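Participant: Need the 3D shape of this:
(one chain, ligands or ions: 1)
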Amino acid sequence: MEKIDGDLNKKAAGEKAVEFIKDGMVLGLGSGSTVYWTLKKLGELVEQGLNVKGIPSSKRTEGWAKDFNIPLTDFSQVQSMDLAIDGADEIDKDFNLTKGGGGSLVREKIVDANSQKLIIVADQSKLVSQLGKFPLPVEVLPFGWEVTARKISEMGATPVLREREGSVFVSNNGNYILDCDFNLIADPGLLHKELKQLLGVVETGLFINITDTIIISGDKGIEVLHKKK
Ligand SMILES: O=C(CO)[C@H](O)[C@H](O)COP(=O)(O)O
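Facilitator: Model prediction:
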């Protein structure tokens, strides 16, 4: 069995999110060790009779959902989801996110952006005044990735090809990830647009304007923050 980050704040934030789940909902199931706790708690509610279906945003999440007997569905069956619950690597004061630390950013963005509501669960270390300390994950096509990386470095970043255990990391979509240190990101929306224009870039880990609610756990306990409309 895979060892999960047992950080108590991740557990508290992840578990809190199930309070927003209602019977009959179709859910987007995010990725990461904080969401693991959401899935575990959700499995208990399903066991007690809660009727939901979920679309997983990674193979790892799919495995956990199956372990916890959460019914799954896919986009051939549903047009959109009622609620997505996901983690993040950084969250700024405008509720913009950096994601992709686990390498699932493309599927996460498809799931999160196609949900009526997105809740992000995180421990307090993820809150930042400005995105960028966490190197931005950018998913790129393997073909010509060196050229794509060069173009990204011309934009002021230091892209590093992600590796795991001595081999190139391959995403669930068969692509590579470049971890791009841009230092602090002044305008996340603009950077996302500029990166998307580069040939070879599949998607960026910048999630702009799609988060509705953040559940943060830390020194002050659990805080539920709603984005002002
Ligand atoms: O974006 C992600 C994976 O691609 C995760 O949501 C993010 O890395 C947070 O993970 P964790 O909850 O383990 O800190």
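
Participant: Phi, psi for the closest residue to Leu184 other than its chain neighbours please.
Facilitator: Closest residue to Leu184 apart from its sequence neighbours, by Cβ to Cβ, 6 or more residues apart in numbering: Gly132 at 4.1 Å. Every C-beta, even on glycine, is put in place using the N, C-alpha and C of the backbone. Gly132 has phi and psi values of phi 130, psi -20 when expressed as degrees, to the nearest 10.

Participant: One more: the one 3 residues further on?
Facilitator: Comment: the main-chain dihedrals of Pro135 come out as phi -60, psi 130, following degrees, to the nearest 10.

Participant: do you know how far it is from Gly100?
Facilitator: Counting by Cβ to Cβ, to the nearest Å, the separation of Pro135 from Gly100 is 10 Å.

Participant: What residues of the longest helix belonging to the chain count as buried?
Facilitator: Counting residues, the longest helix found in the chain (DSSP state H) is helix 33-47. Buried residues in helix 33-47, counting neighbours by 16 or more other Cβ atoms under 10 Å, are found at 33-43, 45-46.

Participant: Stretch 26-33 too?
Facilitator: Applying 16+ other Cβ under 10 Å to stretch 26-33 flags 26-33 as buried.

Participant: Can you narrow the residues you listed down to the ones near the ligand?
Facilitator: 30-33 (Cβ under 6 Å from any ligand atom).

Participant: So which bits of the chain are right by the ligand?
Facilitator: Counting by Cβ under 6 Å from any ligand atom, the chain sits next to the ligand at 5, 10, 30-34, 86-89, 99-105, 108.

Participant: Now the buried members of the residues you listed.
Facilitator: 10, 30-34, 86-89, 99-105, 108.

Participant: mind listing which of these are in helices?
Facilitator: 10, 33-34, 105, 108.

Participant: Which secondary structure element is home to Leu190?
Facilitator: helix 188-196 (DSSP states H and E).

Participant: for the record, mean pLDDT for that helix?
Facilitator: Helix 188-196 shows an average pLDDT of 98 in the prediction.

Participant: just how off-centre is it within its chain?
Facilitator: How far helix 188-196 lies from its chain's middle: 18 Å, per Cα atoms, centre = their mean, to the nearest Å.
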